[in-house]
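Trainee: For reference, the sequence and a predicted model appear below.
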Amino acid sequence: MEVTTDKVDAEIPSPSAGVVAEILVSEGDTGAVGAALGSKMQGHDRVVVSFFGDGASNQGACHEAMNLASIWKLPVIFLCENNQYGEFTPTDAVTPGGILARPQAMDIPAAVSYTHLTL
């Protein structure tokens, strides 16, 4: 895998540097799948990372993106930042089986990492 440490444009998105940004809830997941597919088709050895919140994990686009990434074996990491709330709703109240069950149902390896911040 190619790792670059060169200074990158501060401009985001910066497609020439391989940085693409989305601001709509869960829509970054579908964009990440598209970027991974394009990279794979072009023969690049790159991995795409999609950051989203636990609230977005209940959006259809998130499920569709994970499903296609799994079926097409695309180089995508879906990174969910779980603050335990989707806007004003506790995640546990609307996510049966927990968030970790979502990728596991699509044969995507999944893990939990806990970080506690002290202010």
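Mentor: Thanks, I have the structure now.
Trainee: What residues of stretch 45-52 count as buried?
Mentor: V48, S50, F52 (16 or more other Cβ atoms under 10 Å). For every residue, glycine as well, the C-beta is placed using N, CA and C.
Trainee: meant to ask about stretch 100-115, not that
Mentor: Across stretch 100-115, burial judged by 16+ other Cβ under 10 Å covers R102, P103.
Trainee: And for stretch 83-101?
Mentor: Under the neighbour-count criterion of 16+ other Cβ under 10 Å, stretch 83-101 has G86, T91, T95, I99 buried.
Trainee: Dump the residues you listed to CSV, plus pLDDT, secondary structure and distance to P75.
Mentor: Output for the buried residues of stretch 83-101, formatted as CSV (pLDDT from 0 to 100; DSSP: H, G, I helix; E, B strand; the rest coil; distance: Cβ to Cβ, whole Å):
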residue, pLDDT, secondary structure, distance to P75
G86, 83, strand, 27
T91, 86, helix, 27
T95, 87, coil, 26
I99, 85, coil, 22
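Trainee: from those residues, which is closest to M106?
Mentor: Within the buried residues of stretch 83-101, proximity to M106 (Cβ to Cβ) peaks at I99, which comes in at 12.9 Å.
Trainee: how close does the closest residue to the closest one other than its chain neighbours get to G43?
Mentor: Excluding the flanking residues, the one nearest I99 by Cβ to Cβ, 6 or more residues apart in numbering is S57, at 5.2 Å. Distance of S57 to G43, computed by Cβ to Cβ, to the nearest Å: 31 Å.
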